[in-house]
Every structure is written in C-alpha cells, then in structure tokens.
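S.K.: structure of the sequence below:
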Amino acid sequence: MVYPALIFLWPLHDAFHDAFHDLTFTSTSLVPTSTTPSSSAYSSSTQLILNASPRPPHLVLSATNGQTSSFGVGGGHVGLRGQQLMSTTIQTHMDPFSQLAAIVPSFRRLVYSSPSAMGRYLLQLYESNAKELRILFEDVPPECLDILDQKLKHLAIRRHVRFTYEEEISSLIVRLMPSLGHEVVCSQFFIELICRITSLPGHSSQSICGLNSTRFTVPGIRSKEADAALGPSSRTRNSFPSIVLEVGYAEGLSARRIDAKWWLLNSGGQTKLVLIFNLKRDPFALRIERWEMTPYTGRQTRQGRTSVPASTQIFDISQDGHVVPSSTPLTLPYLSIFDAPHVAGQDIVFTPIHNDEFAPKFFNPAYNNNLMV
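M.R.: Numbering: from 1, shown residues only. Got it, this is the predicted structure:
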C-alpha cells in the first residue's frame, strides 16, 4: 500500500528536489517494528523538509500534539518506532549516501561477513546477467575495502563494480553494472573528451590525467568511485577529479543524480562538473545531463549555503539522431577542467552533439544492439 498522505505544501530545496522526483515509499520498504499508524492517522497537511547533514538515513515524524516517531534505515528494513500520530510533519535529514541507501530495496540490504562471501554474492549476480543493481552492505570495516578490491579483481568482475562508502556508519553501497552498453558509452565519450582537451593550443597529453574509476576519499569520513574521471595533472595525488562521468540505464537516473550531488558536495570544490549519461534500452535513447554548483536562491537556513548542486544542461537524443534541444551545444568550460586560466584556454564544445565524431555510433543499429546487452 502506498502511503497517500505525502503532500508537499511548499517547494523543496533546490538541491534535493530531483533526488526525490520519482521516489515513492511503499509497504515493501516500510516495515513496522512496533505499532504502524494507519493511513487514516495521517493528515492531508503534511510536508517534506529536506536538509543535508552527514548522518544515516533518518525520517522524523513530528505530531501536532508534540509526540514524535522516527524511521531508521538499517538491519535489512526500515523500522517505525513511537506512538500512533495524528497530524504530522515529516522531516528527512539525508546526505547523498543516505539518499542512495534509501533507494536500495530491503532484500539487497546485507550484513558484511567476509570478502569471500561478498565476492561470491556479487559474482552470482553478475553471472545471472542482472541489470544495474545497488547493494547495501552494513558493518564493513574501512580496512576491508582494499581486501574487497583485490578479491573482486581475482574474480574478474572489479571493472563492473563501484564503491560508495560511509565510514561513520561502516556501510558500503556496491553498484553492479554487468552490461556492455555502460562500458562502451563511458569509454567512447571519455576518449573523445581527452582527445579534445589534449588538442587545445598549448596543451598535450601531459596536461590532463585520466583517473578512470579511482576511489576518492574524504579522509576518515567517506569515499566513492566514479565510472570515469579526469583532472589537471598539476593537482596532487590525493586530489578529487575536476570532471566526473556517471553512466547507466534509465531506471537508475535518480540514483545517478544523487551520485552527482555526492561529488559536488564532498570534493571541496575540486569537482566542477558531473556528466550523467542515461541510456534507455527499447527504443534506444540517450540523455545527457550536466551538473554543477549553482547559486542558491531558496530559503536561507542555518547552514547559510550559497550554492547547491543542480542540472544546468539536459540533452535528449533519440535513436534516429534527433536531439532536444537541437541548437544548444554541450559546453564544458575551460575552468571546469583546469584550475587556472591559460592564454590559449578554450571551452570544450560539442555542437551539435549528433554530428560529432563519437555520437554516430550511438545511432548505428548494430551498435545499439550491443547497448541492449
């Protein structure tokens, strides 16, 4: 049963609206541990308030009579604690990791036991030709990440796996991407982008560093791996990339938007752009979204934020090569790639998208068949 009382009374904060655009709470992910309020206990005057704070997934319900209950995500389910409510206000306090965790279905929430057990489980999913999946493992010690990395390499599936780790709660979200289409689209655009950057006047292959799926870390707090990434070679070894690529299929678009927010919010301003490539299988279509930090124009809060992550360009490309919008170029500003101006610095411009060198492969029927794998 879908809880019907989630009605929004005022616009959500710009930074988090898209992450919840198609997220619905249902009885399969809302399992009571005590007394569950009936739908009639909810008033139609509820509001969802979003706030970014680094804590585990948590949903607080405040009643007009002063009583509160809370939903805590963990242990393989979402539990409800507290008394039955009358008129309620729903508040969520969810950082990007918690938003990703909230999307993972209950049957994909597991307690970590060993690298071997986790490796066998992921290998089984991969060999079953599963589509893109996210699995949440709890109780994962930070020192086990490198061991897991080697185990998955030994099983020859490491390139199909991406980690997002939250050290405070010892939780790891594993993204499994078994399909060929993901790799082809990611590598094709990445190669084209590198070629364009290195061909700029005064630049060469020594100007840029391709970082692929390197794990980037906020020391002692969290870490994440991208599908592909790059940054100027002038940065130190532990720096975040300047541009990140996240690629996947249409059913995971909400999660990739949260991924984009993770990079922009956790990189200390070093990640300037995130490009999302979203594939649709049948009929084949491609959506490209450019994400970056934008000026915050919403209600002022205690955090006093001045900028928020947002999508600033969106392109929809159909199988016949039709692009919407057709006259706007995909633009990557020079200073979103490099940290300092250059006398010959130029923006990287893909215009029009469907006439560029990499795009025709997306519209070749034989190539599209590979993307359906």
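S.K.: now do the buried residues in stretch 285-295.
M.R.: By 16 or more other Cβ atoms under 10 Å, the buried positions in stretch 285-295 come out as 285-293. Using the backbone N, CA and C atoms, a C-beta is placed for each residue, glycine as well.
S.K.: quick check: mean pLDDT across it?
M.R.: Over the span of stretch 285-295, the pLDDT mean works out to 94.
S.K.: list of residues touching that stretch?
M.R.: Contacts made with stretch 285-295 from outside it, assessed by Cβ atoms under 8 Å, 6 or more residues apart in numbering, are listed as 14, 185, 250, 253, 257, 260-261, 264, 269, 272-280, 306-319, 330, 332, 336, 353, 362.
S.K.: how about the strands in the stretch 251-373 of the chain?
M.R.: For the stretch 251-373 of the chain, the strands identified by DSSP state E, counting those that start in this stretch occupy 273-280, 285-295, 307-318, 323-324, 330-332, 348-350, in order along the chain.
S.K.: can you name every helix or strand that the helix or strand where residue 231 lies contacts?
M.R.: Under the criterion DSSP states H and E, the helix or strand holding residue 231 is strand 228-232. Helices and strands touching strand 228-232, by 3 or more Cβ pairs under 8 Å, 6 or more residues apart in numbering; DSSP states H and E, are helix 180-198, strand 208-210, strand 243-249.
S.K.: which of those sits closest to residue 326?
M.R.: Judged by Cβ to Cβ, the one of those that comes nearest to residue 326 is helix 180-198, at 19.4 Å.
S.K.: quick check: bridge partners of residue 176?
M.R.: residue 133, residue 161 (DSSP bridges).
S.K.: separation between it and residue 106?
M.R.: Between residue 176 and residue 106 the computed distance is 17 Å (Cβ to Cβ, to the nearest Å).
S.K.: neighbour-wise, which of those two wins?
M.R.: More neighbours sit around residue 176 than around the other of residue 176 and residue 106, counting by other Cβ atoms under 10 Å; the figures are 20 against 15.
S.K.: I figured the more buried one hits residue 126, correct?
M.R.: Yes: distance between residue 176 and residue 126: 6.4 Å, which falls inside the contact criterion (Cβ atoms under 8 Å).
S.K.: common neighbours of these two, please.
M.R.: When contacts are counted by Cβ under 8 Å, 6+ apart, the set common to residue 176 and residue 126 consists of residue 160.
S.K.: end to end, how far does stretch 267-274 reach?
M.R.: End-to-end span of stretch 267-274 (Cα to Cα, to the nearest Å): 12 Å.
S.K.: mean confidence (pLDDT) on that stretch, please.
M.R.: Looking at stretch 267-274 alone, the average pLDDT works out to 97.
S.K.: low-confidence stretches in the chain?
M.R.: Within the chain, the stretches with pLDDT under 70 are 1-93, 130, 300-304, 352-373.
S.K.: quick one, helices of it?
M.R.: Read by DSSP state H, the chain holds these helices, from start to end of the chain: 96-103, 115-127, 145-154, 180-198, 253-266, 334-337, 365-371.
S.K.: what helices or strands is the second one leaning on?
M.R.: Here helix 115-127 touches strand 133-138, helix 145-154, strand 171-176, going by 3+ Cβ pairs under 8 Å, 6+ apart.
S.K.: just the angle between the last one and helix 253-266, please?
M.R.: Taking axes from the mean of the first three to the mean of the last three Cα atoms, to 10 degrees, one finds strand 171-176 and helix 253-266 inclined to each other by 130 degrees.
S.K.: give the closest residue to residue 348 in space, chain neighbours not counted.
M.R.: residue 332 (4.2 Å; Cβ to Cβ, 6 or more residues apart in numbering).
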